[in-house]
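**Q** my questions are about this predicted structure, shown below with the sequence.
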Amino acid sequence: MTLKAPTHHIAAQPGEIAKTVLMPGDPLRAKFIAENFLEDAVQVNSIRCMYAYTGTYKGKKVSVMASGIGAPTMGVHAWELYNLYDVENIIRVGTTGAIHDELKIGDLVFAMGACYNTPYADQYKLSGTFSAVASYPLLRDAVDKADQMKAKYMVGNVYSTDIFYPEYDREENERWSKMGVLSVEMETAALYIVAARAGKKALSILTVSDHIMTGEKVSADIREKNFTDMMKIALEIAE
């Protein structure tokens, strides 16, 4: 079967999506980025409310598109963007729950790698366990930009899980924290796996929206609109 754009999941025509796509999980965050950071933004997708927009940022053509929640929906959209729309870079701009003692609400996490419990990589029938890692050029540029902005951040492993409500959440998170994992989220591993298979670039820039170990958290409205440093960094490093 030969696949081509548009698809069942993305209505954009070929050429309507930029080489770099920012991917928040929340469709309303995609809308917020388009309305507040892009010039001449045009909506190019609304299928299943996975809003996508293309515009310019400082003269660069950039797209933003929601990924939804979890590995399967990230995997579907990232695969189609890389393989059917000639996208070269996907930068996830999402929120994450901290499990590292030094992280605070609003801090940035650059996901150098993603531990995971998703079976997403099983489809490739590898004889070992695949390491889901970021594309170093994007990671390097993002860290440099964060330093220029004097943003507070940490670089390291995150944990991408398919289970939002684990039965034994504190014990599970304590085990990952003891291994130096910074935070928990649901999409980064799938993104890095798809990017590796496609030979493309990917990076997750995350903002701490809650601290799983202390119970501190912020409202959904703040998560949608106020975590702007990660958006600015992603747009600045867009190629």
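**A** Sure thing, it's come through. Numbering: from 1, shown residues only.
**Q** the one helix or strand Leu139 maps to - contacts with which helices or strands?
**A** Assigned by DSSP states H and E, Leu139 belongs to helix 136-149. Counting contacts by 3 or more Cβ pairs under 8 Å, 6 or more residues apart in numbering; DSSP states H and E, helix 136-149 packs against strand 108-116, strand 153-160, strand 201-211, helix 229-237. Quick note: C-beta positions are derived from backbone N, CA and C, even for glycine.
**Q** winner for burial among these?
**A** Across these, averaging neighbours per residue (mean count of other Cβ atoms under 10 Å) puts strand 201-211 on top, at a mean of 25.
**Q** ok so, going back, buried ones in the helix holding Leu139?
**A** Buried positions in helix 136-149, judged by neighbour count with 16 or more other Cβ atoms under 10 Å: 138-139, 141-143, 145-146.
**Q** where does this protein dip in pLDDT?
**A** In the predicted model, the chain carries pLDDT under 70 at residues 1, 168, 223-226.
**Q** let's go with 90 and repeat that
**A** For the chain, the stretches flagged by pLDDT under 90 are 1-3, 164-173, 215, 217-227, 239.
**Q** tell me, what residue is most central in it?
**A** Centroid-nearest residue in the chain: Arg92, 2.0 Å away (criterion: Cα atoms, centre = their mean).
**Q** figure out how far whichever strand or helix holds that one is from the centre of its chain.
**A** Per DSSP H and E, Arg92 falls inside strand 89-98. Chain-centre distance of strand 89-98: 3 Å, with Cα atoms, centre = their mean, to the nearest Å.
**Q** that strand packs against which elements?
**A** strand 20-23, helix 71-84, strand 108-116, strand 183-185, helix 188-198, strand 201-211, helix 229-237.
**Q** buried ones in the fifth one, by neighbour count?
**A** When burial is assessed from 16+ other Cβ under 10 Å, helix 188-198 yields the following buried residues: 188-196, 198.
**Q** again with the longest one
**A** Neighbour counts using 16+ other Cβ under 10 Å place 71, 73-84 of helix 71-84 among the buried residues.
**Q** direction included, what does the strand holding Arg92 pair up with?
**A** Strands adjacent to strand 89-98 in the sheet, as given by DSSP bridges, are strand 20-23 (parallel), strand 183-185 (antiparallel), strand 201-211 (parallel).
**Q** tell me the helix or strand right after the helix or strand hosting Glu35.
**A** Using DSSP H and E, Glu35 maps to helix 27-37. Moving toward the C-terminus from helix 27-37, the next helix or strand (DSSP H and E) is strand 39-45.
**Q** now that next one, how far from the centre of its chain.
**A** The answer for strand 39-45 is 20 Å, by Cα atoms, centre = their mean.
**Q** so which elements touch the next helix-or-strand element following it?
**A** Proceeding N to C from strand 39-45, the next assigned helix or strand is strand 52-57, under DSSP H and E. Using 3+ Cβ pairs under 8 Å, 6+ apart, the elements in contact with strand 52-57 are helix 27-37, strand 39-45, strand 60-65.
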